[in-house]
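Engineer: Sharing a sequence plus its predicted fold:
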Amino acid sequence: MAGTEQAGGAATAAAGRTVWAIDPAHSLVELSAKHMMITTVKGRFGGISGSIYTDEQHPDRSGVEVEIAADTIDTRAPDRDTHLKSPDFLDVERFPTITFRSTRVEGAYVAPGDSFRVTGDLTIHGTTRPVTLDVTYDGRGKDPWGGERASFSATAKIDRRDFGLQWNQALETGGILVSNEIKISLEVQATKQG
């Protein structure tokens with residue numbers, strides 16, 4: 001993974017960097033939260049796009065930009081999805097996108113299984129906070145159409161209240177209906193550009 005240079009708010013690839021387009025058909029953003037403090041419930045976003053910028057000579061200059069369509073949340077429960085899209089949670093009418101823009105890359109990858117960290121600005125519900133992803137390089141190879149692909153997986157944890165997602169309900173037995181800690185898991189495949 002590579003760092004970004006900011007120019008007018010958008011990352012641009014500089015000399016020596018390779019640009020990779022995230023393939024939404026082969027990428028996944030998944031989240032999990034505890035329901036009633038006892039059961040893990042998972043959801044995923046279907047609308048992901050973005051770019052990865054790699055600089056093999058200077059890995060700390062690498063970076064990533066990701067945009068997620070907030071209304072593509074899918075927890076396999078239509079009523080729950082409707083609630084998550086409402087003003088109680090994501091408020092997708094007012095805040096249609098979730099974004100992540102890297103600000104720092106620590107470490108480098110050479111072989112599949114290598115790990116590194118990517119810190120960046122995560123924006124959810126109109127609120128931006130720094131988040132660090134623990135990333136693993138999963139490998140790279142040629143696809144059947146002559147293109148080159150690379151794959152990464154990553155995890156992070158956030159407190160949803162940090163992003164203004166305050167809604168909850170107290171349980172009679174103690175605790176809350178929806179955990180404040182959200183675990184994020186990503187599987188990203190990207191195609192080399194140019």
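Structural biologist: Ah, there it is. Residues are numbered from 1 along each chain as shown.

Engineer: which residues of this protein fall in strands?
Structural biologist: Assigned by DSSP state E, the strands in the chain fall at 5-7, 10-12, 18-22, 28-35, 39-45, 48-54, 63-69, 73-74, 97-106, 115-124, 127-142, 148-159, 181-192.

Engineer: The fifth one vs strand 28-35, what angle?
Structural biologist: Between the axis of strand 39-45 and that of strand 28-35 there is an angle of 150 degrees, by axes from the mean of the first three to the mean of the last three CA atoms, to 10 degrees.

Engineer: what's the average pLDDT for strand 39-45?
Structural biologist: Mean pLDDT, computed over strand 39-45, is 85.

Engineer: Can you list the strands that that strand pairs with?
Structural biologist: Here strand 39-45 has these sheet partners by DSSP bridges: strand 28-35 (antiparallel), strand 73-74 (antiparallel).

Engineer: The first one: which residues count as buried?
Structural biologist: Within strand 28-35, the residues scored as buried using 16 or more other CB atoms under 10 Å are Val29, Leu31, Ser32, Ala33, Lys34. For glycine as for every other residue, the C-beta is placed from the backbone atoms N, C-alpha and C.

Engineer: can you list contacts of that strand?
Structural biologist: Outside of strand 28-35, the residues within contact range by CB atoms under 8 Å, 6 or more residues apart in numbering are 40-45, 48, 68, 160, 177-179, 181-188.
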